[in-house]
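Novice: fold the following for me, if possible:
(one chain, ligands or ions: 3)
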Amino acid sequence: MASMTTLGEFIVQQQHAFPHATGELSSLISAIRLAAKIVNREINRAGLSPDIIGAVGVENVQGEVQQKLDVFANDKFKAALEARGEVCGLASEEEEDFVVFDGERGKNASYVVLIDPLDGSSNIDVNVSVGTIFSIYRRITPVGEPVSGKDFLQPGCNQVAAGYVIYGSSTMLVYTTGVGVNGFTYDPTLGAFALSHPNMRLPDNGTIYSINEGNYIKFPAGVKQYIKYCQERDEATNRPYTSRYIGSLVSDFHRNLLKGGIYIYPTTESAPDGKLRLLYECNPIAFLAEQAGGIASDGRQRILDIEPTSLHQRVPFFAGSRLMVEQAQQFLNQSAEVVAS
Ligand SMILES: O=P(O)(O)OC[C@H]1O[C@](O)(COP(=O)(O)O)[C@@H](O)[C@@H]1O
Ligand SMILES: [Mg+2]
Ligand SMILES: [Mg+2]
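Specialist: Numbers count the residues shown, from 1 in each chain. Ligands and ions are numbered 1, 2, ... in the order given. Prediction:
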């Protein structure tokens, strides 16, 4: 079997493709790779260790009960990124405010990282795939000065890199630096990620829709109509589509990235802004979706154009195959026009 390109080799090759590259971003990505291996090991043996399964018993800034693995993953990624010295600050789902890395190297670093350390927390204890999501920006404030809120509140189109780790039947790291999307599968016998999915492309159309239909009654009319559209019989358009919902954004998006499909987390009566967080869930997934030929919006506006106003703000999220997202948006906007008229 021809030897596969490891993530380490790929990072170096990418760096050489950019004559002005300093190696900082490469080093940052490899810090994420290291933390992903540590978290992966813990997840694989989670069932064996009560100290990693279950809730911590406190709520995070979102009002969600923190799982022990949320905290473990947050600590491991934070430590790996601070130790590497390319990052001047971090924002996380599990931290109320952004964290300043004010050590000598941190202060003089160029990048900020926003992270969802453990995505799909409701699936941790039941052995269903979960993930980690990361988003990377060049700081706005001058190097040497303490990092500030505006370094994190940048629109998604400013991202220099983004990706996720999926801890599933196999563990993969999927990321983009703005030149396409590549996927690497972890080989535990080597202890290395190998390039298994080069240049991933989202099919323009698909037959999978991912939404928590348990909330159907609370959805906007347009979303209800789109679900009905997905369930109608029409051979010419391969309907009815198939409903698939794992309840981990990373896993649902990953499947749809490979097979074609749409993931929707809309507004609901109880969540008027939706559930997912713009900065460390929607922006990185939207960057990947667009780099793979798909689209991502809040139902009306391109996610990557949204000007953030707060670290943990939520937005409605429609992402995946271009034709499917455009269709869903049409239903949403038509029904809004009906209501408005
Ligand atoms: O259970 P619900 O309301 O359908 O929400 C599931 C969604 O919430 C999330 O679990 C939110 O992410 P966290 O687990 O990181 O808080 C997504 O991964 C998932 O798509
Ligand atoms: Mg999440
Ligand atoms: Mg999370």
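Novice: got the residues of the stretch 1-150 of the chain near ligand 2?
Specialist: Neighbours of ligand 2 within the stretch 1-150 of the chain, by Cβ under 5 Å from the ion: Asp116, Asp119. For glycine as for every other residue, the C-beta is placed from the backbone atoms N, C-alpha and C.
Novice: where do the strands of the stretch 1-150 of the chain begin and end?
Specialist: For the stretch 1-150 of the chain, the strands defined by DSSP state E, counting those that start in this stretch occupy 55-59, 65-67, 87-92, 99-100, 111-119, 130-138.
Novice: going by proximity to ligand 2, name the top residue of the stretch 51-200 of the chain.
Specialist: Asp119 (3.5 Å; Cβ to the ion).
Novice: show me the domain layout of the protein.
Specialist: Under the assignment automatic domain parsing, the domains of the chain span 7-197, 208-340.
Novice: in JSON lines, list those along with distance to ligand 3.
Specialist: Output for the domains of the chain, formatted as JSON lines (distance: least, Cβ to the ion, whole Å):
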{"stretch": "domain 7-197", "distance to ligand 3": "4"}
{"stretch": "domain 208-340", "distance to ligand 3": "8"}
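Novice: check which helices and strands the helix ranked longest in the chain sits against.
Specialist: In the chain, taking DSSP state H as the definition, the longest helix is helix 24-44. Judged by 3 or more Cβ pairs under 8 Å, 6 or more residues apart in numbering; DSSP states H and E, helix 24-44 is in contact with helix 7-17, helix 68-84, strand 111-119, strand 130-138, strand 161-167, strand 171-176, strand 181-187.
Novice: now it, how far from the chain's geometric center?
Specialist: Centroid separation for helix 24-44 versus its chain: 15 Å, with Cα atoms, centre = their mean, to the nearest Å.
Novice: got the angle for that helix vs strand 181-187?
Specialist: 50 degrees (axes from the mean of the first three to the mean of the last three Cα atoms, to 10 degrees).
Novice: for Thr177, which non-adjacent residue is closest in space?
Specialist: Distances taken as Cβ to Cβ, 6 or more residues apart in numbering place Ala161 nearest to Thr177, at 4.5 Å, with adjacent residues excluded.
Novice: same thing with Asn283?
Specialist: Among residues not flanking Asn283 along the chain, Gly156 sits closest, at 3.5 Å (Cβ to Cβ, 6+ apart).
Novice: count the residues that sit near the one you found.
Specialist: By other Cβ atoms under 10 Å, the residues close to Gly156 number 25.
Novice: next, give phi and psi for it.
Specialist: Gly156 adopts backbone torsions of phi -60, psi -30, taken as degrees, to the nearest 10.
Novice: now swap in Phe193 and tell me
Specialist: As for Phe193, its main-chain torsions (degrees, to the nearest 10) stand at phi -90, psi 130.
Novice: quick check, it in contact with Met4.
Specialist: No: using Cβ atoms under 8 Å, Phe193 is not in contact with Met4, being 9.5 Å away.
Novice: ok, the two, which is more surrounded?
Specialist: Phe193 (24 against 17).
Novice: who's in contact with the more buried one?
Specialist: Counting by Cβ atoms under 8 Å, 6 or more residues apart in numbering, Phe193 touches Thr6, Leu7, Arg33, Met172, Leu173, Phe184, Thr185, Tyr186, Asp187.
Novice: kindly provide the distance from the second one to Leu114.
Specialist: This means Leu7. Distance of Leu7 to Leu114, given as Cβ to Cβ, to the nearest Å: 21 Å.
Novice: what about these two, which has more around it?
Specialist: Leu114 (28 against 23).
Novice: ok, that one touching Glu281?
Specialist: No: with contact defined as Cβ under 8 Å, Leu114 does not reach Glu281; the gap is 9.5 Å.
Novice: so what's Ala336 up against?
Specialist: Counting by Cβ under 8 Å, 6+ apart, Ala336 has contacts Pro220, Gly222.
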